[in-house]
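Enquirer: sequence and computational prediction follow.
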Amino acid sequence: MAQPLLEVRDLRTHFELEDGVVKAVDGVSLTVRRGRTLAVVGESGCGKSVTARSILRLVEHPARIVGGQILLYGDQPSDDPLDLLAAKDKRLRQVRWSEIAMVFQEPMASLSLVHTIGDQIIEAIRLHGGVGKVEARHRAIEFLGRVGIPDPKRRVDSYPFELSGGMRQRAMIAMALSCRPRLLIADEPTTALDVTTQAQILDLLQDLQQELGMAIMLITHDLGVAAQVADEVAVMYLGEVVEHGPAASVLSEPKHPYTQALVRSVPRLGQRGQGRLAAVRGTVPPPYERPSGCRFHPRCDAFMAGKCDSTVPTRVRSDDTDVACLLYGEEER
């Protein structure tokens, strides 16, 4: 098994609002391995994007990281890992883009509308790549071409509003990869794109991963996307990881009832007459009304009264998967 590159341990990020504290990320633990792809999946509002932003300490007031460790391992096994939560701001700025880069969910909200995409990529390269303006421009054009943008020598001087949604997403990927990071965090990189463009973006990420040897942490709500590109899958529900393991195991033989419900809700080609899709029962509860015990128990078909509503499950090993469910007892712990 590949060695870990990034290890998140008991991460907690809370939003401290006037009406109370929203525990958006509440004890998340997961591992991203070198050269591999980890897909983090779950419904909207389960804390996936906040987890991604917390890794680079990009959360802003009223959000606050209140606990945990985020360990970034060096190239040599003997190197001590860097705890990103304890790192000073100067060291963290060195890590961003050069070691860990991020592609955000909506490129129009992430790119400056008054600067060309070339100027924005060049700025990132000069800040983190240690090269001059001319070399940085050459590299920006090179990566725009690598991500499939036609006529990159002309497009480098285009503004974001002059590009289509797919081209803007490619430009964001070019910016993220321009400093050759060891880890790329991609937050819903195919949202709002048509199916053809979505497939092109996923193929592009996989090709660049092979070329650059980087790891990818993919945030998505689409299990089909996870099945296509991921080596491992972490399933999040209400701010915690409820199942984590190899993609083949998690998606074909899910252990947690929440994962099972997500898998059942995916439409399958070639199964005519299957009737209505089996949607996940109920909805994600409001942030101030978190259930006691297992957080999924009000929606769970395997609910055990007096147990699931009072006992908080811990993650245990079942086969090759870690799962947080009381259906898996002491003999599997």
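Expert: Here it is on my side, so go on.
Enquirer: from Leu85, how far out is the residue positioned nearest the centre of the chain?
Expert: In the chain, the C-alpha nearest the mean C-alpha coordinate belongs to Ile219, at 3.0 Å (Cα atoms, centre = their mean). Plainly put, Ile219 is 19 Å away from Leu85 if you go by Cβ to Cβ, to the nearest Å. For every residue, glycine as well, the C-beta is placed using N, CA and C.
Enquirer: what's the answer for Arg268, then?
Expert: Taken as Cβ to Cβ, the span from Arg268 to Leu85 is 41 Å.
Enquirer: between the two, which one's more packed in?
Expert: Leu85 (18 against 8; other Cβ atoms under 10 Å).
Enquirer: for the helix or strand of the chain with the lowest mean pLDDT, list the C-alpha coordinates in PDB.
Expert: Ranked by mean pLDDT, DSSP states H and E, the weakest helix or strand in the chain is helix 107-110, scoring a mean of 76. Provided in PDB are the C-alpha atoms of helix 107-110 (Å, rounded to 0.1, in the frame of the first residue of the first chain):
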ATOM      1  CA  PRO A 107     -14.100  29.200 -10.800                       C
ATOM      2  CA  MET A 108     -15.900  32.500 -11.400                       C
ATOM      3  CA  ALA A 109     -15.900  33.000  -7.600                       C
ATOM      4  CA  SER A 110     -12.200  32.100  -7.400                       C
END
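Enquirer: what's that helix packed up against?
Expert: Applying 3 or more Cβ pairs under 8 Å, 6 or more residues apart in numbering; DSSP states H and E, one finds that helix 107-110 contacts helix 165-177.
Enquirer: now the helix it packs on: buried residues?
Expert: Across helix 165-177, burial judged by 16 or more other Cβ atoms under 10 Å covers 166-177.
Enquirer: the least confident helix or strand of the chain: how far from the chain's middle?
Expert: 17 Å (Cα atoms, centre = their mean, to the nearest Å).
Enquirer: cool, stretch 132-143 as well?
Expert: In terms of Cα atoms, centre = their mean, the centre of stretch 132-143 is found 28 Å from the chain centre.
Enquirer: all helices for the stretch 51-200 of the chain, in order.
Expert: Using DSSP state H, counting those that start in this stretch, the helices of the stretch 51-200 of the chain run over 89-95, 107-110, 117-129, 133-146, 152-155, 165-177, 195-212.
Enquirer: I figured Leu38 hits Ala234, correct?
Expert: Yes - with contact defined as Cβ atoms under 8 Å, Leu38 reaches Ala234; the gap is 6.3 Å.
Enquirer: does Ser54 really touch Asp26, like I thought?
Expert: No - contact status for Ser54 versus Asp26: not in contact, 11.7 Å apart, counting by Cβ under 8 Å.
Enquirer: the two: which is more packed in?
Expert: Taking neighbours as other Cβ under 10 Å, Ser54 and Asp26 compare with Ser54 leading, 25 against 19.
Enquirer: so, low pLDDT: which residues of the stretch 151-300 of the chain?
Expert: Scanning the stretch 151-300 of the chain for pLDDT under 70 picks out 192, 269-276.
Enquirer: could you rerun that using 90?
Expert: 164-167, 169-170, 173, 176-180, 188-205, 207-208, 211-212, 221-222, 224, 264-290 (pLDDT under 90).
Enquirer: look up how far Val25 lies from Asp79.
Expert: Asp79 sits 27 Å away from Val25, going by Cβ to Cβ.
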